[in-house]
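Trainee: my questions concern the predicted model and sequence given below.
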Amino acid sequence: MKKQVEFLPRPGRIHYKACFLRYLRQTFTNPWTAVPLFLEAPFMLLIVFFVYEDGTYLEPWMHHTSACATGFLLALASGLMALLGSYREICKEREILTREVFGGLNLISYLGAKISVLTITGFVQTLILMLGSLIFIDYNFESAFADGLLVFIALFLTNCSMAAIGLLVSALLKKSESAILPVLVIIVMQVVFSGSVIEFDAPINYFTFITPVMYGTSVVGAAARVNSVVEIRDIFDYNIWASLAILLLFCVVCYVLTAVKLKYDYRTKD
């Protein structure tokens with residue numbers, strides 16, 4: 001027999017602040033959590049460094065493989081860091097969350113705190129990734145600041161959108177062990193349907209339009225003028241602003257779906 005839950009009338013902003021500070025401490029004060037988080041970006045940069053060839057963006061037609069792979073790896077690295085950091089965030093604490101929700105915790109405040117901490121973490125990771133790439137990548141920017149900022153925003157929004165997907169997966173599942181398969185599928189999709197590694201004909205290529213890493217890769221390639229002389233990949237001709245808007249849309253849609261799922265799960269009490 002189920003009965004309607006009576007939530008305690010406590011201000012949501014108090015719940016948000018308490019949850020935010022708790023998750024912030026858990027993320028940044030625990031060395032077992034913080035150190036791996038911020039070592040991921042340098043490790044990813046090392047992989048990009050091995051793939052990158054000098055002069056790639058100055059003469060992309062001479063370095064076709066590197067021109068396709070460099071931007072893709074930067075976007076993939078940003079996305080993977082976010083996905084692997086978010087896919088267990090909710091399902092790993094289901095028991096605690098259940099007790100707190102039926103004790104009066106505001107679900108939107110809880111989710112907002114999670115999103116805020118993941119966004120801060122993603123910003124720091126993306127900043128390390130972007131600044132580190134400037135050391136060895138010769139981006140063919142017309143305006144160093146404006147185009148560099150576009151690349152940073154693209155990588156950051158790719159990180160945010162993959163974090164949003166990871167949170168949605170976490171909300172859909174009851175146990176973190178169950179998330180391994182969907183996460184693997186999501187990772188494979190980011191690689192196969194990125195539009196940079198492999199190009200497909202219709203209708204298979206439609207999957208690229210639901211792949212966040214593709215949009216991040218597209219902006220990096222477009223800002224670096226990869227197709228300026230020779231057409232290397234179609235995705236590097238996509239509109240930069242449309243790509244950024246779609247990445248932002250991914251974030252909004254996934255976070256809304258996550259909120260709806262959590263509200264549905266905790267609408268009643270056994």
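Mentor: Happy to help now that I have it. Not measured: the values here are computed from a predicted model. Numbering: from 1, shown residues only.
Trainee: could you use CA atoms for every contact and neighbour count after this?
Mentor: Noted.
Trainee: what residues sit buried inside the one helix or strand Gly122 maps to?
Mentor: In the assignment (DSSP states H and E), Gly122 maps to helix 107-136. Buried residues in helix 107-136, counted by 16 or more other CA atoms under 10 Å: 107-115, 117-119, 121-123, 125-130, 132-133.
Trainee: over to stretch 49-66?
Mentor: 49, 52-53, 55-61, 63-66.
Trainee: residues making contact with that stretch?
Mentor: Stretch 49-66 is contacted from outside by 67, 69-70, 136-140, 224-227, 229-230, 232, using CA atoms under 8 Å, 6 or more residues apart in numbering.
Trainee: redo that, cut-off 10 Å
Mentor: Here stretch 49-66 makes contact (CA atoms under 10 Å, 6 or more residues apart in numbering) with 43, 45-46, 48, 67-73, 132-133, 135-141, 196-197, 221, 224-233.
Trainee: just to revisit the earlier point, packing partners of the helix holding Gly122?
Mentor: helix 12-28, helix 31-51, helix 64-86, helix 94-101, helix 144-172, helix 240-265 (3 or more CA pairs under 10 Å, 6 or more residues apart in numbering; DSSP states H and E).
Trainee: quick one, that helix and helix 12-28 angle?
Mentor: 40 degrees (axes from the mean of the first three to the mean of the last three CA atoms, to 10 degrees).
Trainee: quick check, Leu105 in contact with Lys17.
Mentor: No. Between Leu105 and Lys17 there is no contact under CA atoms under 10 Å: 11.9 Å.
Trainee: those two - which one has more neighbours?
Mentor: Leu105 (23 against 14; other CA atoms under 10 Å).
Trainee: which residue, other than its chain neighbours, is closest to that one?
Mentor: Nearest non-adjacent residue to Leu105, counting by CA to CA, 6 or more residues apart in numbering: His15, 6.6 Å away.
Trainee: filter the contacts of stretch 49-66 to the buried ones?
Mentor: Neighbour counting with 16+ other CA under 10 Å marks 45, 48, 67-73, 132-133, 137-141, 196, 221, 224-228, 232-233 as buried within the contacts of stretch 49-66.
Trainee: which secondary element of the protein has the worst mean pLDDT?
Mentor: strand 3-4 (a mean of 46; mean pLDDT, DSSP states H and E).
Trainee: now for the buried residues of stretch 49-66: which two are most distant?
Mentor: Spatial extent of the buried residues of stretch 49-66 (CA to CA) is set by the pair Phe49 and Trp61 at 19.1 Å.
Trainee: picking up where we left off before, return the member of the buried residues of stretch 49-66 nearest to Asp265.
Mentor: Phe49 (44.8 Å).
Trainee: so who does the nearest residue to Leu257 once chain neighbours are set aside touch?
Mentor: Nearest residue to Leu257, sequence neighbours excluded (CA to CA, 6+ apart): Leu168, at 7.0 Å. Neighbouring residues of Leu168 by CA under 10 Å, 6+ apart: 86-90, 162, 253-259, 261-262.
Trainee: can you do 7 Å?
Mentor: For Leu168, the contacting residues are Cys254, Leu257, Thr258, by CA atoms under 7 Å, 6 or more residues apart in numbering.
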